[in-house]
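Asks: My questions concern the predicted model and sequence given below.
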Amino acid sequence: MKMHFCIPVSQQRPDALGGRYVLYSVYLDGFLFCKVRYSQLHRWNEQLKRVFGNCLPPFPPKYYLAMTTSMADERRDQLEQYLQNVTMDPNMLRSDVFVDFLKLVQLDTFSIATKKVSLDIFLPDGRSIKVEILTSDTAERVLEVVSQNIGLFQELLGYFGLFLIQFCKEGRLSVVKKLADFELPYVSLRSSEVENCKVGLRKWYLDPSLDARLMDCRTAVDLIHMQAIQDIEKEWAKPTEAQRQKLEALQKEDNQTKFLELAREVRHYGYVQLEPCTCDHPEPGCQALLSVGSNEISCCITLPDNQTLDVTFQMDRVKCWQVTFLGTLLDTDGPQQTLNQNLELRFQYCEDSHWRWFVIYTKQAFLLSSCLKKMISEKMVKQAAENPEMQIEVPEQGKSKKYHIQQNQKDYSSFPPRKSKIKIVEVDCGFGNVKEDL
């Protein structure tokens, strides 16, 4: 699946020879990731070509004459598409030539030198552990260091992730974003404009049945137990009064296994809850509280008369979705660090045999999109295990091996091209075509 890379803005800068060059501001999941020149990306593409050959997506061509405004906009669109497409190959994502370049441009963009530092990683129970890392260590590497410190089995690392988490007033917390494996947590934390933001360790799966795969590791059980308690305390998970009493009794007995067995029966267990937002259903301007997990989007909608309406959207009936930035970017002294204002996520949903669009306005649109992708990928893996003929990608020596589905497929991404003639910057950030058997 494509990653949420976008290039909504670029700047002209003077070079040492008296000429000018274009500096592209690359955002990932709505946060400024790096600033790069075309020449840097071109050299990177040539390096990737030497390793992966013709597997690469097309790279925008060089221009030897001055570019017109339309040509500059077209190149920006092409570079954006290139970054989105090049991340579709998991082998490429893990390659040294891919990761080393992105590490370098992250450090250079924020003027951070490679050095040893201490980084606090917050656990779901509020405690933190201090790890010694390099500023150039990726999230994947930092997660490995954390796992060694706390005794988490290496083979279970894929079930956990590092997140930027905002600690709000009155004990509330808000998940800002999941850090990509190649992101530098120290740099992302330092560059974030989010107040009271910290790096936290959380499980990263939205199918509660996957808990069963972690039960042989005491540390993994401790972590998901901590998160279950936190989610109940924060009212992300919503037990009945009877369930709450039983859970409190099991917690006093320190019976983690039984606690988690009962917790999996609790409404919204293991879901990610977003901050209050606005939606257009059943009418425009309604306030909503979204929880995402177990292959569904659960919405508690407040109607104009202050009545509440619970609506659940099943992922099996979602055809596609897109994230759009509706605002403008300030670039007088450089682009803003985040795109978290004026974001919308719209998805196409089958209701009563008709397709219609639902729109959600939330600063966490990229996080919501990441959760939707996660649920799709988990379902695809589960179906692949049940049906060997399903089309999946299996990494194999730099190539992708595909198995074909014999049934109808649905496309889970739709991202219209940027309308360069409109002054309001529109950013369509998504993940490309995902084929799935339903």
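Replies: Alright, I've got the coordinates.
Asks: List phi and psi for the residue nearest the centre of the chain.
Replies: Geometric centre of the chain, nearest residue: S370, 3.9 Å, by CA atoms, centre = their mean. Dihedral angles phi and psi of S370 (degrees, to the nearest 10) take the values phi -60, psi -40.
Asks: Equivalent analysis for the one 5 residues further on, please.
Replies: The main-chain torsion angles of M375 are listed as degrees, to the nearest 10 and equal phi -60, psi -40.
Asks: any low-confidence regions in the stretch 301-438 of the chain?
Replies: Low-confidence segments of the stretch 301-438 of the chain (pLDDT under 70): 327-341, 389-438.
Asks: And the strands in it?
Replies: 308-314, 318-325, 343-351, 354-361, 393-396, 399-402, 409-411, 427-429, 435-437 (DSSP state E, counting those that start in this stretch).
Asks: How many neighbouring residues does the nearest residue to L210 once chain neighbours are set aside have?
Replies: With sequence-adjacent residues excluded and distances taken as CB to CB, 6 or more residues apart in numbering, L210 is closest to Y159, at 6.8 Å. For glycine as for every other residue, the C-beta is placed from the backbone atoms N, C-alpha and C. When counting by other CB atoms under 10 Å, one arrives at 19 neighbours for Y159.
Asks: Residue ranges in the stretch 1-150 of the chain under the pLDDT threshold?
Replies: Along the stretch 1-150 of the chain, the model assigns pLDDT under 70 to residues 65.
Asks: Then the stretch 151-300 of the chain?
Replies: For the stretch 151-300 of the chain (pLDDT under 70), the answer is none.
Asks: Now do the strands in it.
Replies: Assigned by DSSP E, counting those that start in this stretch, the strands in the stretch 151-300 of the chain fall at 160-167, 173-178, 197-203, 272-273, 277-279, 286-293, 296-302.
Asks: From L156, how far off is the closest residue to R202 other than its chain neighbours?
Replies: Nearest residue to R202, sequence neighbours excluded (CB to CB, 6+ apart): F163, at 5.5 Å. With distances taken as CB to CB, to the nearest Å, F163 is found 17 Å from L156.
Asks: Neighbour count for these two, which is higher?
Replies: Neighbours were tallied for F163 and for L156 using other CB under 10 Å; the higher tally belongs to F163 (21 against 17).
Asks: That one against K178, yeah?
Replies: Yes. Using CB atoms under 8 Å, F163 is in contact with K178, at 5.4 Å.
Asks: Can you give me the separation between the residue nearest to L210 and Y24?
Replies: Taking CB to CB, one finds Y159 at 35 Å from Y24.
Asks: neighbours around the residue nearest to G151 when sequence neighbours are not counted, how many?
Replies: Distances taken as CB to CB, 6+ apart place T219 nearest to G151, at 4.5 Å, with adjacent residues excluded. By other CB under 10 Å, the residues close to T219 number 14.
Asks: tell me the helices in the stretch 51-200 of the chain, going along the chain?
Replies: Ranges of helices within the stretch 51-200 of the chain are 69-86, 90-94, 96-109, 139-150, 185-191, based on DSSP state H, counting those that start in this stretch.
Asks: ranking those helices by burial, who's on top?
Replies: Ranked by mean neighbour count under mean count of other CB atoms under 10 Å, the helices of the stretch 51-200 of the chain are led by helix 185-191, which reaches a mean of 20.
Asks: that older thread, who are the contact partners of the residue nearest to L210?
Replies: Counting by CB atoms under 8 Å, 6 or more residues apart in numbering, Y159 touches 203-205, 210, 213-214, 220.
Asks: are any of these buried, and which?
Replies: Neighbour-count burial (16 or more other CB atoms under 10 Å) applied to those gives 203-205, 210, 214, 220.
Asks: Sort out for me which of those residues are in helices.
Replies: A220 (DSSP state H).
Asks: circling back: I'd like the strands of the stretch 151-300 of the chain laid out as TSV, including distance to T109.
Replies: TSV is the format used below for the strands of the stretch 151-300 of the chain (distance: least, CB to CB, whole Å):
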stretch	distance to T109
strand 160-167	17
strand 173-178	17
strand 197-203	18
strand 272-273	29
strand 277-279	30
strand 286-293	31
strand 296-302	34
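Asks: Which among the helices of the stretch 51-200 of the chain is found nearest to L326?
Replies: helix 69-86 (17.4 Å; CB to CB).
Asks: Output the closest one as CSV - backbone C-alpha positions only.
Replies: Coordinates of each C-alpha in helix 69-86 appear next as CSV, following Å, rounded to 0.1, in the frame of the first residue of the first chain:
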residue,chain,number,x,y,z
THR,A,69,4.5,27.5,-13.8
SER,A,70,2.5,24.6,-15.3
MET,A,71,5.6,22.6,-15.8
ALA,A,72,6.7,23.2,-12.2
ASP,A,73,3.3,22.1,-10.9
GLU,A,74,3.4,19.0,-13.1
ARG,A,75,6.8,18.1,-11.8
ARG,A,76,5.6,18.5,-8.2
ASP,A,77,2.7,16.2,-8.9
GLN,A,78,5.0,13.7,-10.5
LEU,A,79,7.4,13.7,-7.6
GLU,A,80,4.6,13.2,-5.2
GLN,A,81,3.3,10.3,-7.2
TYR,A,82,6.8,8.8,-7.4
LEU,A,83,7.2,9.0,-3.6
GLN,A,84,3.8,7.3,-3.1
ASN,A,85,4.5,4.6,-5.6
VAL,A,86,8.0,3.8,-4.6
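Asks: so what secondary structure elements neighbour it?
Replies: With contacts taken as 3 or more CB pairs under 8 Å, 6 or more residues apart in numbering; DSSP states H and E, helix 69-86 sits against strand 5-14, strand 20-28, helix 38-52.
Asks: could you redo the last one with a cut-off of 7 Å?
Replies: Judged by 3 or more CB pairs under 7 Å, 6 or more residues apart in numbering; DSSP states H and E, helix 69-86 is in contact with strand 5-14, strand 20-28.
Asks: Present those strands as a markdown table; the columns should include distance to S294.
Replies: Output for those, formatted as a markdown table (distance: least, CB to CB, whole Å):
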| stretch | distance to S294 |
| --- | --- |
| strand 5-14 | 28 |
| strand 20-28 | 27 |
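Asks: Please name the residues that touch the residue lying closest to L28 once chain neighbours are set aside.
Replies: Distance criterion CB to CB, 6+ apart; nearest residue to L28, sequence neighbours excluded, is F5 at 5.7 Å. Neighbour list for F5: 26, 28, 80, 83-84, 87 [criterion: CB atoms under 7 Å, 6 or more residues apart in numbering].
Asks: Could I get these in a markdown table, plus columns for distance to P282?
Replies: A markdown table is the format used below for those (distance: CB to CB, whole Å):
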| residue | distance to P282 |
| --- | --- |
| V26 | 38 |
| L28 | 34 |
| E80 | 35 |
| L83 | 38 |
| Q84 | 34 |
| T87 | 37 |
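Asks: Good, wrapping up.
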